[in-house]
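# What follows is a protein structure lacking sequence information:
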C-alpha cells in the first residue's frame, strides 16, 4: 500500500494561490490600465510656428508684432536653427507631437533678407528657402521632402506649409494672372507636395484671398494631384467680431456678435468658404477675448450647417484646445513654452498660455478617442441666452493697435452642443461660464466649461452645477474645465458598476467609484474630484485647466 507524500498537496496550494494572485492582478490592471489609445489620432491638427516667431524670438520681431509694423521681421525668425536646434521649437509637446503637424508659417519660403512688406506680390513660391533651411537642398520637391523628413525625425506627424492665396506677381502694378495660369502654377506645386509627402496646406491671405473661385480651384487641384492633401481655407477676419478692423468689413455694429457683423455678411462669407473646404479656420483673435470671439464663430457656423450631412468641412478653432476637443474641431496651436518672460511683455499674454501646454496634450489625446468631425454631421444647438465679455485695451495688450484705449465687448451663446441636448446649468445668482458639449458620431461624449473676461474683474472662472445626458454608459466621456458638480444622466439605471477616470495628460486610470454618487440613472461627480483627477498628471509648473476621460465599467 502506497502512502501519500506530505508534499502532494503543495501543487494544489500553489495553483490556488496563483489563481488568487491572477484575479487580484487582473483587477489592479483594470484599475490602472490606460484609457487613451497609444496610436496617434487622425484629426488634422497642428502646432503653428507663428506664435513662436512673434513671441519667442527677438526684439525686432516682437516689436513688429506689437506695433503692427509688418511681417518681414517676423518671417526672418523662421529658420532650421530656430525650429530644430537647441533649444528648438520642435523640442516641445512631447506627448502630443506625433498627432500634430508642424505648420511652417510665413517665412519658410521667403528668401532670407528679402523684405516683402509693401511688396506682398513676392509671396507664394512654395520653395523652401535654402538660406534659412540649409539642410533642405535639391529640386523644389526634394527640398520640401527634406523639410518633411526633418520634422518627422523630431517626432512630429509631418510638415504642413503656409501658402499665400495668389501666384507670385499677383497685385504687382495692378496685374494678376489668369485663373488658367494660376491653375497650372498650383498643379505643379501640388505635385511637389505629393512627391515630398506634404499633407497639409494652410491657405492664408494674399491678393486673391477673397476670391472663392481661386480657393475652389486650389481645393480641386490638390485633390486631383495630391490624394490625401488637406487644404485649409479661411475668411480673413479681423480679430474681434462685429468690431472695427482696418482691412475687414466697414459695416460693423459693435455688438460683438459674429452673426450681426456686417449685417450677416461675415457669417455668409465664412459659410460660403466652408461649403467647399476640407478645413475652415476661424481665424485670428485677441488674447484677452479669445474665448467668446472663437466660440461665437464656431457656434454660428455650426448653426448654419446643422444636420446637413453632405457638408464634411471640419472647423479649425486655432488655439482654443478645449473648444476644439469638445465641439469636434481641429486645432491650430500657437502657444509655446519659450514665451519671453520680460515684464513689459506680460500683458500681451494674460492667460499665460506658455504655461498651459498640458491643455494641448489633453485635447489632442481626446481626439484619439473622439476625432474632429464635419460641420453637418450632427444637429447643432445654440442657447438663446448670450454671455458678454469685455475688455479695455491698452497699448501692448494686442497687435490690434487701433483698439488702444478703447473698450469692446464680445458675445457668445451661454451654451453650445452638437449631437445632444444643451447642458443644464445651475449657477444660482452667480455668473455662469460658457458651457459646451457634444456627442461624437462614434458615441463618445464631451463637456467643457470655459472662463470669462471683464474689464473690471479680469479673468474669472465661475464654478457651477452642470448636468448632461450621456445616454449610452458604455462610451467614453471627456470632461474639461471647472465645476461645482457634474451630473451624467444615463438612459437606464446605473446599477452595479465601476467608474474609471484618467487625466488625459497621463497614462493610467484610477477607480473613483467610491468617490462619486450613483443615484438612479445618474452619476454625480463632485467638482473637487474632477479637478484632482484632471490635473493628476500635470507637468511641473503647468497651470492648465483640468481635462480627463471617464469610463463606466459594468
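That came in fine, so what should we check first? Remember, predicted model here, so these are calculated numbers, not experimental data.
# Which secondary structure element is home to residue 488?
Here residue 488, judged by DSSP states H and E, is contained in strand 485-490.
# Adjacent strands (with direction) for that strand?
The pairing partners recorded for strand 485-490 under DSSP bridges are strand 465-471 (parallel), strand 522-526 (antiparallel).
# Could you look over those strands and pick the most buried one?
strand 465-471 (a mean of 21; mean count of other Cβ atoms under 10 Å). All C-beta spots, glycine's among them, are computed from the backbone N, C-alpha and C.
# Can you name every helix or strand that the following helix or strand past that one contacts?
Going down the chain from strand 465-471, the next helix or strand is strand 477-480, by DSSP H and E. Here strand 477-480 touches helix 321-327, helix 357-369, strand 445-450, helix 527-534, strand 547-553, going by 3 or more Cβ pairs under 8 Å, 6 or more residues apart in numbering; DSSP states H and E.
# Nearest to residue 540, out of these?
helix 357-369 (10.4 Å; Cβ to Cβ).
# Off-centre distance for the closest one?
Its chain's C-alpha centre and that of helix 357-369 lie 9 Å apart, by Cα atoms, centre = their mean, to the nearest Å.
# Show me what counts as buried in that helix.
357-369 (16 or more other Cβ atoms under 10 Å).
# Nearest to residue 162 among these?
Using Cβ to Cβ, residue 360 comes nearest to residue 162 of these, at 19.7 Å.
# for the stretch 101-250 of the chain, what spans make up the helices?
Under the criterion DSSP state H, counting those that start in this stretch, helices of the stretch 101-250 of the chain are mapped to 140-153, 179-196, 212-225.
# Deepest in the core, which of those is it.
Neighbour counts (mean count of other Cβ under 10 Å) averaged over each of the helices of the stretch 101-250 of the chain peak at helix 140-153, with a mean of 20.
# so where's the chain shaky on pLDDT?
Along the chain, segments meeting pLDDT under 70 span 1-32, 341-346.
# per-domain residue ranges of it.
Under the assignment automatic domain parsing, the domains of the chain span 46-381, 420-553.
# Do me a favour and get the end-to-end distance for the last one?
By that I understand domain 420-553. Across domain 420-553, the terminal residues are separated by 22 Å (Cα to Cα, to the nearest Å).
# same thing with the longest one?
Counting by Cα to Cα, the length from the leading to the trailing residue of domain 46-381 is 27 Å.
# I'd like to know how many residues surround residue 207.
By the measure other Cβ atoms under 10 Å, the count of residues near residue 207 is 23.
# which one of the strands paired with strand 485-490 lies closest to residue 237?
With Cβ to Cβ, the closest approach to residue 237 among the strands paired with strand 485-490 belongs to strand 465-471: 30.4 Å.
# contacting residues around that closest one?
The contact list for strand 465-471 (Cβ atoms under 8 Å, 6 or more residues apart in numbering) reads 420-421, 423-427, 435, 437, 445, 447, 449, 477, 483-491.
# wait, doesn't residue 496 sit right on residue 554?
Yes - with contact defined as Cβ atoms under 8 Å, residue 496 reaches residue 554; the gap is 7.2 Å.
# what touches both of these two?
Here residue 496 and residue 554 share no contacting residue, scored by Cβ under 8 Å, 6+ apart.
# gap between residue 483 and residue 535?
Residue 483 sits 13 Å away from residue 535, going by Cβ to Cβ, to the nearest Å.
# Who has more neighbours out of these two?
residue 483 (26 against 19).
# got a list of what the nearest residue to the more buried one once chain neighbours are set aside touches?
Ranked by Cβ to Cβ, 6 or more residues apart in numbering and with sequence neighbours excluded, the top spatial neighbour of residue 483 is residue 527, at 3.9 Å. Shown in contact with residue 527 (Cβ under 8 Å, 6+ apart): 463, 482-486.
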